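Peer 1: Sharing a model that was predicted from the sequence below.
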Amino acid sequence: MPDATSSRFDPPGFALPGVALGVATAATQIEGGEADTNWHRWAAQPGRIADGSSPRRAADHWNRVGPDIALLGELGVRHYRMGLEWARIEPSPGRFDAAAVEHYHDELAALRAAGITPLVTLHHFSNPWWFESAGGWEQRHALTVFARYVDHVVAALGDLASDWVTLNEPNIYATKGWVDGDWPPGVTGSIRRAQRVMQTMAAAHIQTYLTLHRACPGARVGVANHLRVFAPRNRWNPVHRVSALGAEYLFQTALTRAFSVGRFLAPFVQPRDIEPGRYYDFQGINYYSRSSVTGLRDGVARDVPVNDLGWEVYPQGLVEVARTINAAYPGPIWITENGTADAADAFRPLFLYDHLKAIAGSGLPVERFYHWCFTDNFEWADGEEPRFGLAALDYPSQRRTVRESGRFYADIVANAGVTTRAHERWVLGQHYPMAGTVPGHRPRGGVPTA
């Protein structure tokens with residue numbers, strides 16, 4: 001007779017030994033209120049945001065920190081990725097807002113008091129307007145300016161956080177802002193300028209990595225890399241195959257090498273003041289989808305499962321990108337974002353099940369998994385329409401309601417895996433929509449990101 005423990009995880013259940021489960025957020029996407037950022041200004045321009053919404057409303061988290069931490073506790077979450085809004089902390093060059101810093105200090109202290117370990121993101125797509133209007137990450141002194149902000153944050157908050165993400169998805173930030181033009185600053189077609197931005201951000205990561213380790217012994221520091229599977233639409237077509245390899249190299253391979261070990265391969269240029277070394281304590285992976293590549297642009301394959309935004313659902317891709325990066329840069333893997341747009345909560349439990357099951361059977365050193373997102377939030381150029389949250393958000397009232405997928409996730413956290421009973425309750429019978437059958441839209445520019 002099987003014992004009680006083994007029967008809990010009889011197929012189709014599975015255990016997740018050694019994987020700490022959490023949720024992820026970003027400051028601009030949840031805090032609401034007034035902050036003079038590039039995104040607040042961008043959203044004020046007609047036509048920039050799909051539904052005309054703005055980060056000024058978002059999830060009003062700035063005023064609801066206490067209740068939101070209590071809700072995290074109800075879900076049993078013990079790991080929480082949060083962001084800092086640079087524009088709140090440094091509203092003008094060299095002037096730091098003591099009240100904003102105290103707010104973040106109190107939030108971190110409250111998380112720790114609740115038994116929740118924070119993972120703090122220093123930059124998540126959002127810049128102070130004074131930095132953006134001076135040229136942002138293209139300006140000559142961007143490294144010096146960012147270092148000043150980092151120094152202040154570490155001095156003020158370093159005693160409350162040991163886990164840090166320096167930068168979130170620099171490849172997405174550069175591609176959406178300087179190639180597709182869907183995000184600020186709205187430049188289109190400038191691969192050269194996008195590469196310059198990514199090069200500067202890679203140098204900023206290395207600089208920040210060293211700063212954090214000097215100031216905070218024992219700190220764990222990494223980048224939240226946006227990684228995708230690039231597959232040729234027709235694997236027998238040589239153009240498709242070469243395009244997929246080229247897209248992968250330009251979008252993530254060369255950049256990940258610069259961030260991880262300080263080696264800047266073409267099209268980047270090796271900075272004179274950066275020595276090759278190890279500049280990561282974990283490899284952060286944000287994974288959402290697979291790209292079907294035909295040429296210079298990518299898309300979605302035919303007859304594949306998709307989410308509300310038309311992004312392909314490809315769970316095995318999470319293992320594929322994690323295995324690739326672990327082979328090149330061995331060490332702990334933290335899935336810093338993974339989730340899906342599903343307003344009806346019709347397939348999010350299945351999505352969670354499939355991605356976590358892929359991790360469980362991978363044999364990879366995955367230490368953490370952060371679901372995107374805690375609540376519905378402002379999803380950049382797509383506005384408030386996409387719904388990624390474990391908790392549904394009614395924007396006018398700001399009421400949070402835990403979805404069934406949230407209850408499923410809480411059950412996974414409590415049991416360190418998916419039990420047979422949980423699979424029967426939340427996953428059994430769910431199906432993904434198929435490409436071409438879902439009303440919705442692809443993200444402008446074709447680059448999946450939350």
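Peer 2: Structure's in. What do you need?

Peer 1: Apart from its chain neighbours, what residue comes closest to Asn127?
Peer 2: Spatial nearest neighbour of Asn127, excluding adjacent residues (C-beta to C-beta, 6 or more residues apart in numbering): Asn38 at 4.7 Å. All C-beta spots, glycine's among them, are computed from the backbone N, C-alpha and C.

Peer 1: quick one: contacts of the longest helix belonging to the chain?
Peer 2: The longest helix of the chain (DSSP state H) is helix 191-215. Helix 191-215 has contacts (C-beta atoms under 8 Å, 6 or more residues apart in numbering) with 122, 136-138, 142-143, 146-147, 150-151, 154-155, 158, 164, 166-167, 170-171, 173-175, 177-179, 187, 219, 221, 223, 255, 258-259, 262, 264, 267-269, 271, 274, 279-280.

Peer 1: Trp129 is in contact with the residue nearest to Asn127, correct?
Peer 2: Yes - Asn38 is within contact range of Trp129, at 6.2 Å (criterion: C-beta atoms under 8 Å).

Peer 1: What ranges in this protein fall below the confidence cut-off?
Peer 2: For the chain, the stretches flagged by pLDDT under 70 are 1-7, 296-297, 437-450.

Peer 1: re earlier: how many residues are close by the residue nearest to Asn127?
Peer 2: 22 (other C-beta atoms under 10 Å).

Peer 1: do the same with Asp273
Peer 2: Neighbours of Asp273 under the rule other C-beta under 10 Å: 8.

Peer 1: And it, how far from Leu309?
Peer 2: 41 Å (C-beta to C-beta, to the nearest Å).

Peer 1: Wasn't Ser53 part of a helix?
Peer 2: No - per DSSP: H, G, I helix; E, B strand; the rest coil, Ser53 lies outside any helix segment and is coil.

Peer 1: so who does it touch?
Peer 2: Contacts of Ser53 (C-beta under 8 Å, 6+ apart): 43, 378, 383-384.

Peer 1: Could you give me the buried positions within the longest helix of the chain?
Peer 2: Buried residues in helix 191-215, counted by 16 or more other C-beta atoms under 10 Å: 193-209, 211-213.

Peer 1: Pick out the residue closest to the middle of this structure.
Peer 2: Nearest to the centroid of the C-alpha atoms of the chain, with distances taken as C-alpha atoms, centre = their mean, sits Glu337, at 4.3 Å.

Peer 1: Tell me who's in contact with that one.
Peer 2: 24, 81, 224, 285-288, 370, 372, 450.

Peer 1: Pull the most distant pair out of these.
Peer 2: Arg81 and Tyr288 (15.5 Å; C-beta to C-beta).

Peer 1: between those two, who's got more neighbours?
Peer 2: Arg81 (29 against 26).

Peer 1: I'd assumed that one was in a helix, is it?
Peer 2: No - assignment of Arg81 by three-state DSSP gives strand, placing it outside any helix.

Peer 1: Which residues are in contact with it?
Peer 2: Contact analysis of Arg81 by C-beta under 8 Å, 6+ apart lists 22-25, 118-121, 165, 336-337, 370.
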